[in-house]
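# Structure here, sequence nowhere to be found:
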């Protein structure tokens, strides 16, 4: 590894190749599979329960999608909806940037010092109508789409 002008580089151990780290949204040209899985939640109650809505708030880039999956009582994940960056639930009036906080000395995650306009994201509030049977615990999984872009799910309301 080496650092030059605030940029971190690493070499490949088997071939003569050097890579610039924390640059862009892909893995050397390949789109990465990104997902997050919550813990199995019991909501401080071991009794059976059910719910009808799943609400998610966050930021998303236009053109990006996030699949929402729910697993009840370790029975496997089932897709219950998709959050899209190009629908009415996205507030395109106010934009912001995901990943703009600096790590160490410089920003990471595809940000360039010349322009941040290509990486703007917009606030969304998404509500899914979910019909589930009764369950004791539940896990949620968010999976980004197969396109390059940014999405951030801040809270489940």
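On my side now, so go ahead. Quick caveat: nothing in here was measured; it's all calculated off a predicted structure.
# can we go C-alpha only for contacts and neighbour counts from here?
Will do.
# how close does residue 36 get to residue 143?
Residue 36 is 7 Å from residue 143, where distance means Cα to Cα, to the nearest Å.
# That should have said residue 51, apologies.
Between residue 51 and residue 143 the computed distance is 22 Å (Cα to Cα).
# who has more neighbours, these two?
residue 143 (18 against 12; other Cα atoms under 10 Å).
# if I've got this straight, that one is in a strand?
Yes: assignment of residue 143 by DSSP: H, G, I helix; E, B strand; the rest coil places it within a strand.
# close enough to count as contact, it and residue 38?
No: contact between residue 143 and residue 38 fails when scored by Cα atoms under 8 Å: they sit 11.9 Å apart.
# Contacts only, for the nearest residue to residue 138 once chain neighbours are set aside.
Computed as Cα to Cα, 6 or more residues apart in numbering, the closest residue to residue 138 that is not its neighbour in sequence is residue 72, at 4.5 Å. Residues near residue 72 by Cα atoms under 8 Å, 6 or more residues apart in numbering: 135-139.
# residues touching residue 81, list them.
By Cα under 8 Å, 6+ apart, the contact set of residue 81 is 67-69, 128.
# again, but for residue 59
Applying Cα under 8 Å, 6+ apart to residue 59 gives the contacts 98, 121-124, 151-154.
# Strands along the protein, start to end?
Here the chain has its strands, by DSSP state E, at 2-4, 7-11, 18-20, 35-37, 53-60, 65-72, 78-84, 90-97, 102-103, 106-107, 120-129, 138-144, 151-156.
# If you count contacts, what does the second one end up packed against?
When you say that, I think you mean strand 7-11. Packing partners of strand 7-11 (3 or more Cα pairs under 8 Å, 6 or more residues apart in numbering; DSSP states H and E): strand 2-4, strand 18-20.
# mind checking how far it is from the chain centre?
Offset of strand 7-11 from its chain centre (Cα atoms, centre = their mean, to the nearest Å): 25 Å.
# can you check the fourth one too?
Relative to the chain's own centre, strand 35-37 is displaced by 8 Å; criterion: Cα atoms, centre = their mean.
# Touching it from outside, list them.
139-144.
# Over to the second one?
Identification of contacts with strand 7-11 by Cα under 8 Å, 6+ apart yields 1-3, 17-22, 106.
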